[in-house]
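*Asks:* Predicted model and sequence follow; I will ask about them next.
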Amino acid sequence: MLQYGGEIAVLLAAVEIAAASLNMLRGSMPIKVKTIFINIWMQALTVFAAYYAVSMIFGPIDRILARNEMASFVWIIASMAMALFLVNSVLVAIYTALKKEMSFWSVWSNNLASAIVLYLTGGVVGGIMIKALEKVDFYLLAAVIVFFGIVYLTFRRFVDDVKKTVEKAKAAERERAEQAEEHVNELQHYVAELERSSEALQESHENFRHAAYHDALTGLPNRNYFIDTLKELLHASRENTESNFAVLFLDLKSFKTINDSLGHSLGDRLIKNVAKRLEGLVREDDMVGRFSGDKFGIILSDLLSREEATAFADRLAKRLAEPYTLDGRQVFTSAKIGIAYGNSKYPEAEDILRDADIAMYYAKDNEENYVIFDQKMHIRAVTRLQLETDLRFAIERNEFELYYQPIISLETATLEGFEALVRWNHPQRGLVPPNEFIPISESTGLIIPMTVQILHSACSQVVKWQNKYGSARPLSVAVNLSGKHFGHPALVEQIKTVIAETGIDAASLKLELTESAVMDNAETAILMLKQIKETGVRISIDDFGTGYSSLSYLHRFPIDLLKVDRSFVSAMEENTENGEIVRTVIALAKALNLKVVAEGIESIHQFHQLRILGCEYGQGYLFSKPLPVADIERLLTDNTRWQNILPNTGMPVIPQNREISQLRLAQ
Ligand code: C2E
Ligand code: CA
Ligand code: CA
């Protein structure tokens, strides 16, 4: 205004406001177009009003300036500033008051009055600039401004560049941070994975450990674990002689038979049930272990007295003998228990277990529930070893002698044949009963050459008797065949050779096999039996009723005779389940077209009853004990030997047929 006059000033003011408004818009300030126009208009009006007011008061401005008076110059400046302030603030106040429906005064005094300082300062700066321009070359100033402008812009660029670089650096930093975080996450994932797999490893390690020390079927400690525990106890007993413990060795009766005839899964279940009963009986500090098959061990620790162990064994035997219900079927077993008291004199833990084992064999042999180990038993174990050695020579030296027990036709009370029963004439020991050496010969395999020898001498003996004493029906001979031999591939050939060499009529030879021997592997047994039958030899099932014969198999076995076990015959007079068995076996045999031999007939009463039941044959002390050859020959000359025991009433023989469905074999 001072430099170029009022019109230019109004225009510049309008342009400045327009530019400022546009700048605001560009900076994305919410400003309405209407407001922009109002602002331009108000600014222009303000400048125009100020110019007009000053011109009115002081006269034309250029003329006053031309006078070059400092006082008037200051006044003009002050007046211009005041005029600008008043017009502008009043206009804005009116506009705002109207718009916001407020009082003009409050808008002006609260928001605009203080702006006077700004206007006055602007006036002072404007004045100084005008005065400065008068003294300085305008072009030089323009050049300086341009120079500083360029410097400023360059600086701005530089600052922008720096800012951008910083931004980039920050972005890169952020990216790195993100990547780092990703890495950390991944790492954590790997660590977690590693932890998981190490846990799994730990678990499988523990599983392996568990498997190494436990029995898979029952989960009980196995032999290793048992021995380790025993070692610890032994160690402790050396330090503290007060500590008392005992080891019990258990073996289940007829487990093998149950397993073979009722199936392995049932056998397994029986073992599990036994394990549960055992665990239920011991105290927390005691240990139950399973060694193999049906063999268990128990450690009783902290015993107050030795009687405590025997009382426990007693309870144990009773509990295990109670029936087991498996698959809705009642199964029976019982345990034979050997007890060894632990003491610090034992050199090794295994020795205690061995002694308990030896005691268990004593319990078995003597039909006791439990037996306590005693040093004398060692001697027996050694004896057994000696017998084993001696048995090898017995075959070479022909130390075996056959005894023959007569088998009688019950209907006529006449001799039918014999069962050959082996005896061992031991050079030092004298006559050794078969129960003592047959198991040894079976475990050493000597049973095979031994049986061949027995077969040979029994057959040639019977041929001799047949020739010498000839009768209406040829005498027969029954030879016992071990289960161990039954599975042997050479058996059939051996039988054929014996028949050929002795010249016996094959029909006169009977082979006795126990139920368990054929049930062991029923399918192959059937094939084997068929081959034997083809030689013409007859087959008896021995000790029938004591095993777990599966009726479904029985009719498939090509057999000729059933031998009812002695225990059932002796129970006949009692009114018990066992007494009933003889009847059922006879009925079963009739249904299957088999002949029956009753074993162990000791009384006339048994003989009569069996006769009435229709049992064909019998053997037992009532007729004769097993006798050596010489005694049998005396007997063969006496034809009427047993006639006196026949009932003189001539009672008819009434076979009692029973429904097969009613059949119940021994438990
Ligand atoms: P086993 O085959 O059941 O033989 C019957 C056993 O009962 C025989 O015992 C016999 O003496 C006995 N005995 C017969 N009648 C009566 C009686 O009325 N009352 C009583 N209390 N007992 C009677 P032994 O001779 O001591 O034979 C025992 C077992 O040894 C036999 O039982 C058989 O399994 C086995 N054995 C005997 N000889 C041989 C053989 O040559 N080979 C094989 N593999 N085993 C044999
Ligand atoms: Ca027999
Ligand atoms: Ca028998």
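*Replies:* Ah, there it is. Ligands and ions are numbered 1, 2, ... in the order given.
*Asks:* So I499 lies in a strand, does it not?
*Replies:* No. Secondary structure of I499 (DSSP: H, G, I helix; E, B strand; the rest coil): helix, not part of a strand.
*Asks:* list the buried ones in stretch 93-106?
*Replies:* For stretch 93-106, the neighbour count (16 or more other CB atoms under 10 Å) marks A93, A97 as buried. For every residue, glycine as well, the C-beta is placed using N, CA and C.
*Asks:* And for stretch 626-637?
*Replies:* Of all the residues in stretch 626-637, those buried under the rule 16+ other CB under 10 Å are P626, L627, I632, L635, L636.
*Asks:* Now do the same for stretch 538-554: mean pLDDT, whole number.
*Replies:* Stretch 538-554 carries an average pLDDT of 81.
*Asks:* from the stretch 351-500 of the chain, which residue is nearest to ligand 2?
*Replies:* Nearest to ligand 2, among the residues of the stretch 351-500 of the chain, is N480, at 4.6 Å (CB to the ion).
*Asks:* Show me what that residue bridges to in the sheet.
*Replies:* Following DSSP bridges, N480 is listed with bridge partners E512.
*Asks:* D542 is in contact with that one, correct?
*Replies:* Yes. If you go by CB atoms under 8 Å, N480 and D542 touch, sitting 6.9 Å apart.
*Asks:* Please say which of those two ends up with more neighbours.
*Replies:* The residue with more neighbours, out of N480 and D542, is D542; 26 against 20, by other CB atoms under 10 Å.
*Asks:* Could you report the pLDDT at the residue in the stretch 101-250 of the chain that ligand 1 sits nearest to?
*Replies:* Distances between the stretch 101-250 of the chain and ligand 1 by CB to the nearest ligand atom are smallest at L250, namely 25.2 Å. Predicted confidence (pLDDT) at L250: the value is 96.
*Asks:* residues contacting the residue nearest to it when sequence neighbours are not counted?
*Replies:* Using CB to CB, 6 or more residues apart in numbering and skipping residues adjacent in sequence, the residue nearest L250 is F296, 4.2 Å away. Applying CB atoms under 8 Å, 6 or more residues apart in numbering to F296 gives the contacts L220, F249, L250, V274, A275, L278, V288, G289, R290, A335.
*Asks:* Give me the subset of those residues lying in helices.
*Replies:* Among the contacts of F296, the ones falling in helices (DSSP state H) are V274, A275, L278.
*Asks:* and the helix or strand hosting A317, what other elements does it pack with?
*Replies:* According to DSSP states H and E, A317 maps onto helix 306-321. Helices and strands touching helix 306-321, by 3 or more CB pairs under 8 Å, 6 or more residues apart in numbering; DSSP states H and E, are strand 245-252, helix 264-281, strand 295-300, strand 335-342, strand 370-372.
*Asks:* now these in JSON lines, with distance to ligand 3?
*Replies:* Output for the helices and strands packed on helix 306-321, formatted as JSON lines (distance: least, CB to the ion, whole Å):
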{"stretch": "strand 245-252", "distance to ligand 3": "22"}
{"stretch": "helix 264-281", "distance to ligand 3": "24"}
{"stretch": "strand 295-300", "distance to ligand 3": "27"}
{"stretch": "strand 335-342", "distance to ligand 3": "21"}
{"stretch": "strand 370-372", "distance to ligand 3": "26"}
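*Asks:* right, so of the ones you listed, which gets closest to S103?
*Replies:* helix 264-281 (100.5 Å; CB to CB).
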